[in-house]
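Student: Here is the input, now give the coordinates:
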Amino acid sequence: MNTLAYSFSDLFKSKFVENWEASAFSITDMILSFLFSLVVGLAVYAVYKISYKGVVYSHSFNVSLVLMCVITTAIIITISSNIALSLGMVGALSIVRFRSAIKDPVDIIFLFWALTEGIIVGAQNYLFAIISTLIIGAICIVFFKLRTKKTIYLLVVVYESGLTQYVMQELRGLDPKIKSKNVSRNRTELTVEISVKGKTTSFVDKVSLINGVYSASLVSYNGDYVE
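Tutor: Residues are numbered from 1 along each chain as shown. The predicted model follows:
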C-alpha cells in the first residue's frame with residue numbers, strides 16, 4: 001500500500017516538473033515580451049494623450065498605464081511558468097486594495113485596456129495584441145477626440161440683481177444653460193454652461209461691458225460639475 005502511495009506521489013511530482021519545464025519561458029522570450037509590452041503600453045499612452053478631453057491632463061496617470069501593461073506582462077509570465085506559484089499569486093493579489101479615486105469613467109477604460117494588453121502580451125499572443133491595440137485605439141480616437149467640434153465652458157458672471165436677461169441676451173447662440181444662480185442682497189452670481197465653436201472668447205468682453213456687471217470669468221469645463 002505504501003509502495004503504491006509513493007509511486008503515485010513520485011508520478012505526480014514528475015508530471016508537475018515536466019509541465020513546469022515545458023511552460024518555462026526562456027530569457028529571449030521574456031525580453032521579447034517585455035519589449036513588446038512596452039511598445040503596446042506606449043501606444044496606449046499616445047492614444048490617451050491624443051483623446052484626452054478633461055480639464056487637467058495627468059502625465060503621471062498616463063505613465064502608470066505603460067507601467068501597468070509591463071507589470072501585468074511580468075505577472076502573466078510568472079504564473080504561466082509555475083502552477084503552484086500562480087495559485088499563491090492569485091491569493092496574494094486578491095487582497096490588494098487600491099485607494100486612488102478615479103472620477104472619470106474613461107480613465108477606468110484605459111486602465112482596463114492597459115491591463116488587458118499586458119495579459120495578452122504575457123501569453124505571447126503578439127498578433128492579437130497588435131490587432132486589439134489598433135482597433136481599440138482607433139475607436140477611442142474617433143469617439144473621444146472627434147465626438148464634437150465645440151468647446152464647453154463655464155461662464156461665471158457677478159452683476160447687480162435684475163440684469164440676468166441682459167447677460168443671457170449676450171450669450172444667445174452659444175446654447176447657454178444655467179448651472180447655478182446665487183443671489184445676495186443686490187448682487188447675483190450666475191454660472192452658465194456654454195458651447196463655443198473654435199477658440200473665440202469675445203463674448204466674455206461683451207458681457208463684462210454691460211453696465212452693472214462686476215466680473216466675468218471663463219472656466220474650462222469637462223462635464224463634471226457639482227452644485
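
Student: Show the subsequent helix or strand relative to the worst-scoring helix or strand of the chain on mean pLDDT.
Tutor: The helix or strand with the lowest mean pLDDT-type score in the chain, counting by mean pLDDT, DSSP states H and E, is helix 2-23 (a mean of 48). Scanning forward in sequence from helix 2-23 by DSSP states H and E, the next helix or strand is helix 27-51.

Student: for that following helix, packing partners?
Tutor: Under the contact criterion of 3 or more CB pairs under 8 Å, 6 or more residues apart in numbering; DSSP states H and E, the helices and strands touching helix 27-51 comprise helix 59-80, helix 105-122, helix 126-140. C-beta: built from backbone N, CA, C; applies to glycine.

Student: in the helix or strand encompassing residue 168, what's buried?
Tutor: Element membership for residue 168, per DSSP H and E: helix 164-170. For helix 164-170, the buried set under the neighbour-count rule, 16 or more other CB atoms under 10 Å, comprises 167, 168, 170.

Student: picking that back up, deepest of the helices and strands packed on helix 27-51, which one?
Tutor: Mean neighbour counts were taken over those using mean count of other CB atoms under 10 Å, and the top value, a mean of 20, falls to helix 105-122.

Student: Run the angle between that helix and helix 27-51 for me.
Tutor: On the basis of axes from the mean of the first three to the mean of the last three CA atoms, to 10 degrees, helix 105-122 is oriented at 160 degrees to helix 27-51.

Student: and the angle from helix 105-122 to helix 59-80?
Tutor: Here helix 105-122 points in a direction 30 degrees away from that of helix 59-80 (the same axes, to 10 degrees).

Student: Give me the neighbour count for residue 30.
Tutor: Residue 30 has 16 neighbours, counted by other CB atoms under 10 Å.

Student: What does the pLDDT read for the residue nearest to it when sequence neighbours are not counted?
Tutor: Distances taken as CB to CB, 6 or more residues apart in numbering put residue 77 closest to residue 30, at 6.1 Å, once the chain neighbours are dropped. The score at residue 77 is 84. That number is its pLDDT.

Student: was I right about residue 77 contacting residue 27?
Tutor: No: Residue 77 sits out of contact with residue 27 when judged by CB atoms under 8 Å, with a separation of 11.3 Å.

Student: So which of the helices and strands packed on helix 27-51 is nearest residue 50?
Tutor: The closest of those to residue 50 is helix 126-140. By CB to CB, the value is 8.3 Å.

Student: coming back round to it: quick check: the gap between the residue nearest to residue 30 and residue 124.
Tutor: Taking CB to CB, to the nearest Å as the criterion, residue 77 is separated from residue 124 by 9 Å.

Student: what's the closest of the helices and strands packed on helix 27-51 to residue 47?
Tutor: With CB to CB as the measure, helix 126-140 is the member of those nearest residue 47 (4.4 Å).

Student: what packs against the closest one?
Tutor: Using 3+ CB pairs under 8 Å, 6+ apart, the elements in contact with helix 126-140 are helix 27-51, helix 105-122.

Student: Can you pull out the residues in contact with stretch 178-186?
Tutor: Judged by CB atoms under 8 Å, 6 or more residues apart in numbering, the contacts made with stretch 178-186 from elsewhere in the structure are 154, 160, 161, 164, 188, 189, 190, 191, 192, 193, 225, 227.
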